[in-house]
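>>> Can you look at this prediction? I've put the sequence above it.
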Amino acid sequence: MAEAKALTTRAADFSAWYNELIARAELADYSPVRGCMVIRPNGYAIWEQMQRALDQMFKDTGHQNAYFPLFIPLSYLSREAEHVEGFAPETAVVTHGGGKELEEPLVVRPTSETIIYSMYAKWIQSYRDLPVLINQWANVVRWELRTRLFLRTTEFLWQEGHTAHATEAEAEAETRQMLNVYRTFMEQWMAMPVLTGRKTDSERFAGALRTYSCEALMQDNKALQAGTSHNLGQNFARAFEVTFQTAAGELDHVWNTSWGVSTRLVGALIMTHGDDAGLVCPPRLAQYQVVIVPIYRTDEERGNVVEAAEHLRKELAAAGARTHLDAREGVKPGAKYYEWEGRGVPLRIELGPRDLAAGTVVLARRTGGKKETVPIAGLGPRILTEMDRMQAELLETARARREANSIRGATKEQFLAYMESNGGFVYAGFCGRHECEAEIKEKTKATIRVLPDEEFRSPDVPKTCMWCGRPSVTEAVWAKAY
Ligand SMILES: [Zn+2]
């Protein structure tokens with residue numbers, strides 16, 4: 001049940017606001033195991049909507065789902081040198097089973113490249129077996145010391161795509177295609193604008209040739225890595241001997257890609273659109289897009305109003321809007337408004353005896369603006385149009401906020417001042433040297449989020465490195481990040 005106390009405001013304490021919002025909207029809870037998270041039905045419903053949309057997009061691009069085991073032999077992890085170095089510090093290892101010490105310890109998967117490519121080695125023989133385009137929906141475990149609900153938890157849910165190709169060009173095209181799928185999902189469903197681009201070597205996935213990322217700016221001006229797509233080259237194919245006979249009859253290693261997004265996206269959604277009253281859910285991902293609250297005083301009124309409301313619910317559902325009728329007794333309309341507002345329901349319909357007599361309802365938007373009295377006739381199409389508009393407005397508002405919190409062509413002094421004042425994205429020249437990257441991180445906590453793709457680059461790409469003044473080899477985008 002909703003509490004009467006208002007949330008801490010975003011301006012007062014963003015982090016407290018985030019935690020209180022999650023509790024108020026009943027999205028998730030802390031588990032008895034430190035660092036783990038219980039996803040409650042309201043939070044899981046958002047994840048299910050996300051899964052549904054993404055799963056369709058994966059299938060539309062030719063992928064199939066499969067499932068690989070949770071346990072991975074410890075020795076598998078060490079076959080790819082960078083991979084083991086990257087993941088060993090955060091793995092959970094099972095040493096005992098059935099009361100006996102295991103001959104070989106098992107890693108609880110932190111990601112599944114190793115187990116999946118060991119299977120691909122069995123399944124792929126010829127160029128005719130390629131490409132292999134597989135995705136799995138699963139949980140993974142990374143032993144995290146500092147955790148935040150949805151953003152960083154020891155166990156989380158995600159999907160991981162793993163593909164194998166005959167050529168480097170095909171693998172690169174797949175890597176870019178899936179990055180683009182993520183971007184489309186984030187913009188069109190989550191209404192969350194993202195920058196796309198390549199990661200520097202120090203931020204790249206352990207074992208990958210190249211990592212590409214979607215980066216979003218949260219309302220506290222910290223960046224969030226929302227999804228990554230990796231061109232793994234032949235690194236894992238060599239480690240797991242995934243070879244195939246080419247059309248010309250030679251033996252070659254396959255080219256792999258992997259790509260993933262996780263329940264972290266629920267956190268991203270909260271921090272992109274939430275306000276001081278609670279969650280604001282973009283219509284396309286809302287469990288309930290419309291909630292109908294009946295208003296009445298007497299039992300007789302109740303009978304009529306609830307009956308009409310149920311009729312309306314069916315009508316709106318038939319029109320294609322996920323609609324819920326909140327006919328709970330003993331909860332006042334005001335308390336219901338407050339509760340659904342906190343849960344981010346895009347549209348609320350209030351229906352009382354007077355509305356019923358006039359053939360109207362009162363329509364309230366979660367994103368604000370005046371309540372409106374509108375005719376019941378034709379409400380279905382009107383609601384759908386309203387939701388499309390809301391979806392588009394949320395994206396535009398988030399984009400405008402991001403741009404208002406980005407600076408381009410910054411000098412070192414401007415960069416330092418911006419980070420000091422809790423600024424957002426900084427676009428500037430970069431010499432490409434790891435020393436500069438490391439020093440900036442140490443001094444300001446800001447990291448290079450991406451070397452932006454062409455469409456995000458500044459019209460005048462700076463000629464010198466913002467930090468050391470040497471010639472710039474690329475533009476980079478810095479921010480403090482989750
Ligand atoms: Zn430099």
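Alright, I've got the coordinates.

>>> List the contacts of Val361.
312, 349-351, 355, 373-374, 376, 379 (CB atoms under 8 Å, 6 or more residues apart in numbering). Glycine gets a C-beta too; all of them are placed from N, C-alpha and C.

>>> what's downstream of the helix or strand where Gln225 lies, the next helix or strand?
Assigned by DSSP states H and E, Gln225 belongs to strand 223-233. For strand 223-233, the following helix or strand on the C-terminal side (DSSP H and E) is helix 235-239.

>>> Please name the nearest non-neighbouring residue to the residue of the stretch 251-400 of the chain found nearest the ion.
The nearest approach of the stretch 251-400 of the chain to the ion comes at Arg399, 29.8 Å away (CB to the ion). Spatial nearest neighbour of Arg399, excluding adjacent residues (CB to CB, 6 or more residues apart in numbering): Pro193 at 4.3 Å.

>>> picking up where we left off before, which strands and helices sit next to the helix or strand where the residue of the stretch 251-400 of the chain closest to the ion lies?
Element membership for Arg399 (DSSP H and E) is helix 379-404. Packing partners of helix 379-404 (3 or more CB pairs under 8 Å, 6 or more residues apart in numbering; DSSP states H and E): strand 210-217, helix 264-273, helix 299-319, strand 347-351, strand 360-365.

>>> Counting neighbours, show which residues of stretch 172-191 come out buried.
172, 174-176, 178-183, 185-191 (16 or more other CB atoms under 10 Å).

>>> State the next helix or strand along the chain beyond the helix or strand bottoming out on mean pLDDT in the chain.
Every helix and strand in the chain was compared by mean pLDDT, DSSP states H and E; the lowest is helix 81-87, with a mean of 81. Next along the chain after helix 81-87, taking DSSP H and E as the criterion, comes strand 92-97.

>>> Could the C-alpha coordinates of that following strand be exported in CSV?
This file holds the C-alpha atoms of strand 92-97, laid out as CSV (Å, rounded to 0.1, in the frame of the first residue of the first chain):
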residue,chain,number,x,y,z
ALA,A,92,31.0,-17.1,-7.7
VAL,A,93,32.6,-20.5,-7.6
VAL,A,94,30.9,-23.8,-6.5
THR,A,95,33.3,-26.2,-4.9
HIS,A,96,30.9,-28.6,-3.3
GLY,A,97,27.9,-30.5,-4.6
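
>>> Can you name the residue of the stretch 51-200 of the chain nearest to the ion?
Thr200 (11.9 Å).

>>> My guess is that residue contacts Lys441. True?
No - checked against CB atoms under 8 Å, the pair Thr200 and Lys441 is beyond contact range at 10.8 Å.

>>> Neighbour count: these two, which is higher?
Taking neighbours as other CB atoms under 10 Å, Thr200 and Lys441 compare with Thr200 leading, 18 against 15.

>>> who touches the more buried one in this structure?
With CB under 8 Å, 6+ apart, Thr200 has these contacts: 434, 437, 448, 451, 476.

>>> surely the first one meets Asp201?
In other words, His434. Yes - using CB under 8 Å, His434 makes contact with Asp201 at a distance of 7.2 Å.

>>> so Arg470 makes contact with Pro462?
No - using CB under 8 Å, Arg470 is not in contact with Pro462, being 11.7 Å away.

>>> Neighbour count: those two, which is higher?
Neighbours per residue (other CB under 10 Å) separate Arg470 from Pro462, with Pro462 holding more: 19 against 14.

>>> Is the residue nearest to Arg399 in a helix, a strand, or coil?
coil (DSSP: H, G, I helix; E, B strand; the rest coil).

>>> Gln56 now?
helix.

>>> coming back round to it: return the set of buried residues in the helix holding Arg399.
379-380, 382-384, 386-387, 390-391, 394-395, 397-399, 401-402.

>>> which stretches of the stretch 1-150 of the chain form helices?
Along the stretch 1-150 of the chain, counting by DSSP state H, counting those that start in this stretch, helices occupy 14-24, 41-60, 74-77, 81-87, 113-123.

>>> Gly99 is nearest to which of those helices?
helix 74-77 (19.7 Å; CB to CB).

>>> Just the residues contacting the closest one, thanks.
83-84, 87-88, 91, 93, 104-107, 114-115, 118.

>>> can you pull the buried residues of it?
For helix 74-77, by 16+ other CB under 10 Å, it's 74, 76-77.

>>> Now tabulate these in TSV and tack on distance to Glu155.
Shown next, in TSV, are those (distance: CB to CB, whole Å):
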residue	distance to Glu155
Leu74	19
Tyr76	20
Leu77	18
